[in-house]
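Novice: here is the input, now give the coordinates:
(chains A and B)
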Amino acid sequence: MKRALALLLALIMAFGLLAGCGSKPADGGQDAAPDAAADWDGTITIVQSSDIIGWDPCASADVNTKNCMKNLLNRTFETDENLKAIPIMVESFEQLDDLNWTFTLKEGIKFFDGTPCTANDVKFSVMRARETSSSGKSLYGPIEEFNVVDDRTFTIKTANVYNSLPTALSNTSGAVLSQAWVEKADAGECTWEDVMKNGATGRYYLGEHVIGDHVTLIANENYFDYDTDGAKNKELIFKVIPEATTRTIMVQTGEADVNVNFDTVAMAECQADPNVQVIQHESSRIDLLILNTASEAFADKRVRQAVAFAVNREDCLSVGAEGYGAVCYSSLSPSTEGYVDNPAGYKYDVEKAKALMAEAGVTSLDVKAAVKTDAEERIMQVVQANLKEIGINLTFNRVDNTVLTELMANNEYDMCMNAYAHYQDPELFYGRYLGTTGIGANNYAHYQSAEADAAIAAAATTDAAVRQASLEKLCTIICEDVPWVGLYTEELYCLARAGVKGVNMNLETTYWYHTICY
Amino acid sequence: MVKYALKRLLYMIPVTIGVIFVVYLIMYLTPGDPVALLLGPDATPELIEETRAALGISDPFFVQFFNYVINLFTGHFGTSWYTGNDVSLRLFSAIPYTLILTILALALALIISIPMGVIAAVRQNRPADYAVSLFAICGVSAPTFWVGIMLILLFSVYMGILPSAGVDSWESYILPSITMSFNLLASITRTQRSSMLEVLRADYIRTAKAKGVSNRVAVYYHALRNAIIPSITVAGINFGTLMGGSVAIETVFAVPGVGRLLSDSIKIHDTPTVIGCMVFTAITVSIVNLIVDMLYAAIDPRIKAQYLKGGKKS
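Specialist: Predicted structure coming up:
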């Protein structure tokens, strides 16, 4: 009897393994890809990992929320594939001098309720973002004056040179909304869902939001540029599917058309599946080690440089992103303006690292690091083994994302990990993350360099050549001073049904869902 | 009996306050700043402070706790720190999904497990008993997360006959309710089997058989009535627990129920929503336990007699 039971158990386990590992689906469970286009009813179903947090564009920094909202909300500018600002609501604009800009809106822009959208609504929306949104405060903070000339024309004066103003205006927090509807919502006379059904100007209006389940957007056929730049589908449904495997399966079975939060664990299986396509794009996101220059351990530049030589980035990429990405020896992402490729000549060279440690007179060092995620924990294990070879004893703790700023500001850790993507304005980014002004906040490295501060200040100019030279100088200084040790840049992936067209990705994310169709 | 039920209902008030206190304390002591998470990396220290003050997070623990309890007893579950929406709105939108799943899972589990447990007991140490025991062991030990994924692969990917996730149609509830019932089914079967074995050896069953009662009547009429009580206890306890939501199942099958709401809210330190879910679970468990106790009386005349005499139930 025992033998029979053992056999039965083995059979059950074998079935489980076969079911779990198999990749070839039965014909009955799949829509044949070529038929999908013929049968398409105009609806595109997108699966994403989280729900929409709320409908006020100034209230949330969540990526999935912003990506969904962008379909409903027009900004004066949008960013294209290369993150370059392109005018959407604006017919023409001009930078008059270092500080003054003038903009003219396109004709015939209307809110969903039929009322015209004017320059007053633009001013109201941008200034509201500056008052109430965390990103709006920094992006629109340099605006000194915002004047409405007439219904279609407005001028902006900035406090200092602000070349990235059009890019800043493409941020979701500055989306143009009807002043009347927003004031009603702020006064509690209507909901924010009502604003998304009446008081915006986007390519879609809100159909319904079933909390935790799905959001339906319906194509706005009265969109001012509908014929040339309107929705190529009739309806967008965003389904909230928290589990990565389920999201992938839903695209494989045809229950969804696009998975915008694709997990690379299923990469091999999906690449072999003729019913789906994996769309890949390079990313501006760089994963890096942040060395606390104010700590005793990393006060000496030579010790920091030793770390940059001692870390095996290939191994970090392998455990951190399953090999999908590219190792990076610079401290800044290759997509960053003013990027210089490895100016300090770093490579995986343990002997060079040991020599630098000896030169600094350090034979043994205890270092404490903080990690926030599973991937960071795996990477830090690699770093731990690498640094042991040069006499650095690394210990690390898992901490919550929300307390990292406080812990690093209080010098409780010598090292942490983080990842940064392209920022709207490099000058603003560098100042806050690597400039003296960011110490105690986002400058986790406590990095202070008069030379770097000067380069950041010099980059704030309309002279393209001077700006480029300043940013390149800054990149070189950062790489040589090593407050950050660049590890690798990740790649972005999106999974779609075979036959799906118009999935656009840029350095940050999947964008422009209005072009998706069969 | 009514007096007993009222007394039990009144006990729910201190239980609920106790639950709120414990959960509030845990959330308060958990490291992490919900405001930093809410506002993102661009937030200035001034904005963070303003938001903390607006949400009442800057207040001392006992002030926050006291305010919450007062609000709760005036019918307000509070406002989500993260979405700014009324917690009750989100909670009441999640409850129907979890309720449907729980009822389906429990019904499925009871319909299958009671007969299986009886058959295993009646045919003790025979192939049917071994098969039921093996099934029960597998059911108890298989992780629900794994079972869910396996069912999706089988019925959605390979056979293509059921949706893999969501709550769009009645078919969407089939796989999650089977998954949810799997573990419950196994534990009720085990309970039913052991309880039935005990009752079948009781003197009154032997007497009934000696008096010429058929085996079928002895088992299904006399024995089952007494043997089913422990299974009802297990089912009742599990019903309350399941109404608190199964995080794994609701996540795998993308069911926007209470479990997923709770898990999502914990991740983002949304204390009002976490407490709302926990209060709901505590009240549900208390009510279900009360109903189970009442059911005992309906099934067992001895217990009913205790209530009628005003005897204190142990």
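
Novice: can you list the buried residues in stretch B:206-217?
Specialist: By 16 or more other CB atoms under 10 Å in any protein chain shown, the buried positions in stretch B:206-217 come out as B:208-209. Any C-beta I mention is one placed from the backbone N, CA and C, and that applies to glycine too.

Novice: make sure residue A:324 is actually in contact with residue A:264.
Specialist: Yes: between residue A:324 and residue A:264 there is a contact at 5.2 Å, judged by CB atoms under 8 Å.

Novice: any shared contact partners between the two?
Specialist: residue A:493 (CB atoms under 8 Å, 6 or more residues apart in numbering or on different chains).

Novice: how about the residues of the stretch 201-314 of chain B by chain A?
Specialist: B:251-254, B:256-257, B:260-261, B:264, B:269 (CB under 8 Å from any CB of the partner chain).

Novice: helix, strand or coil: sort out residue A:44 for me.
Specialist: Going by DSSP: H, G, I helix; E, B strand; the rest coil, the secondary structure assigned to residue A:44 is strand.

Novice: ok, it to residue A:174 distance?
Specialist: Distance, residue A:44 to residue A:174, using CB to CB, to the nearest Å: 27 Å.

Novice: farthest pair within the residues of the stretch 201-314 of chain B next to chain A?
Specialist: Largest separation among those by CB to CB: B:253 and B:269, giving 25.6 Å.

Novice: and the two? which has more neighbours close in?
Specialist: Neighbours per residue, other CB atoms under 10 Å in any protein chain shown: of residue B:253 and residue B:269, the larger number sits with residue B:253, 30 against 23.

Novice: quick check: closest non-adjacent residue to residue A:497.
Specialist: residue A:257 (5.1 Å; CB to CB, 6 or more residues apart in numbering or on different chains).

Novice: can you give me phi and psi for the closest residue to chain B within the stretch 151-300 of chain A?
Specialist: Residue nearest to chain B within the stretch 151-300 of chain A (CB to the nearest CB): residue A:212, separated by 2.7 Å. Phi and psi for residue A:212, reported as degrees, to the nearest 10, are phi 80, psi -10.

Novice: and for residue B:300?
Specialist: With angles defined as degrees, to the nearest 10, residue B:300 sits at phi -110, psi 110.

Novice: quick one, what contacts it?
Specialist: Contacts of residue B:300 by CB under 8 Å, 6+ apart are B:225-226, B:229.

Novice: before we move on, back to that, closest to chain A among the residues of the stretch 201-314 of chain B next to chain A?
Specialist: residue B:256 (2.7 Å).

Novice: pretty sure that closest one is touching residue A:241, no?
Specialist: No: with contact defined as CB under 8 Å, residue B:256 does not reach residue A:241; the gap is 10.6 Å.

Novice: which of these two has more neighbours?
Specialist: Remark: of residue B:256 and residue A:241, residue A:241 carries more neighbours, 30 against 25, as counted by other CB under 10 Å.

Novice: hmm, residue B:254 and the more buried one touching each other?
Specialist: Yes: using CB under 8 Å as the test, residue A:241 is close enough to residue B:254 to be in contact (4.4 Å).

Novice: send me the strand ranked longest in chain A as PDB with only the CA atoms.
Specialist: Secondary structure of chain A per DSSP state E: the longest strand is strand A:276-291. The C-alpha coordinates for strand A:276-291 follow below in PDB (Å, rounded to 0.1, in the frame of the first residue of the first chain):
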ATOM      1  CA  VAL A 276       2.500  37.200 -28.100                       C
ATOM      2  CA  GLN A 277       5.300  39.700 -28.700                       C
ATOM      3  CA  VAL A 278       7.800  41.100 -26.300                       C
ATOM      4  CA  ILE A 279       8.500  44.700 -27.000                       C
ATOM      5  CA  GLN A 280      11.800  46.000 -25.600                       C
ATOM      6  CA  HIS A 281      13.200  49.500 -25.100                       C
ATOM      7  CA  GLU A 282      16.300  50.900 -23.500                       C
ATOM      8  CA  SER A 283      15.700  52.700 -20.200                       C
ATOM      9  CA  SER A 284      17.200  55.700 -18.600                       C
ATOM     10  CA  ARG A 285      17.000  54.000 -15.200                       C
ATOM     11  CA  ILE A 286      20.400  53.300 -13.600                       C
ATOM     12  CA  ASP A 287      20.900  51.200 -10.600                       C
ATOM     13  CA  LEU A 288      23.700  52.400  -8.300                       C
ATOM     14  CA  LEU A 289      25.400  52.200  -5.000                       C
ATOM     15  CA  ILE A 290      25.300  55.400  -3.000                       C
ATOM     16  CA  LEU A 291      28.400  56.000  -0.800                       C
END
